[in-house]
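>>> Build me a model from this:
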Amino acid sequence: MGMTMLLAIFVLGMFLGREIITKVPPTLHTPLMSGSNAISGITVVGALVAAGGGHHWWATALGFLAVAFAMVNVVGGYLVTHRMLGMFRAPQGRREAAGTPGGKD
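Reported below is the predicted structural model:
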């Protein structure tokens with residue numbers, strides 16, 4: 001394929017991805033984040049294999065960069081998921097007033 005065709009596919013993929021993501025209801029964002037974190041975990045394993053393969057120095061350098069970027073993605077995904085799950089928790093004052101577990105009964 002020529003470079004023009006690859007660029008066209010990339011741009012169409014960006015538009016399609018944007019349309020799909022904007023149509024996802026907020027209640028599904030947390031499960032989707034968990035799924036994308038699992039995929040990023042697989043990417044980390046593949047990057048570790050590439051970095052530790054003992055091939056050329058540039059393969060090791062690219063593998064190291066892949067590990068670094070994939071780990072940023074995994075950590076960021078878990079932080080976003082944790083923050084989103086925190087939105088569903090009752091505030092501390094309500095939890096204590098209702099006598100639910102976690103309060104000072």
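>>> The residue nearest in space to the middle of the chain: what secondary structure?
Central residue of the chain (C-alpha atoms, centre = their mean): residue 77, 3.8 Å from the mean position. Secondary structure, DSSP: H, G, I helix; E, B strand; the rest coil: residue 77 is helix.
>>> My guess is it contacts residue 40. True?
Yes - contact criterion C-beta atoms under 8 Å: residue 77 and residue 40 qualify, at 6.4 Å. (C-beta placed from N, C-alpha, C; glycine too.)
>>> coming back round to it: nearest spatial neighbour of the residue nearest to the centre of the chain, skipping sequence neighbours?
residue 37 (4.3 Å; C-beta to C-beta, 6 or more residues apart in numbering).
>>> OK, contacts around that neighbour?
Shown in contact with residue 37 (C-beta atoms under 8 Å, 6 or more residues apart in numbering): 74, 77-78, 81.
>>> want to try a markdown table for those, with pLDDT and distance to residue 56 as columns?
Shown next, in a markdown table, are these (pLDDT from 0 to 100; distance: C-beta to C-beta, whole Å):
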| residue | pLDDT | distance to residue 56 |
| --- | --- | --- |
| 74 | 83 | 27 |
| 77 | 78 | 31 |
| 78 | 81 | 33 |
| 81 | 76 | 37 |
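>>> Among the residues you listed, name the buried ones.
Among the contacts of residue 37, those classed as buried by neighbour count (16 or more other C-beta atoms under 10 Å) are 74, 77, 81.
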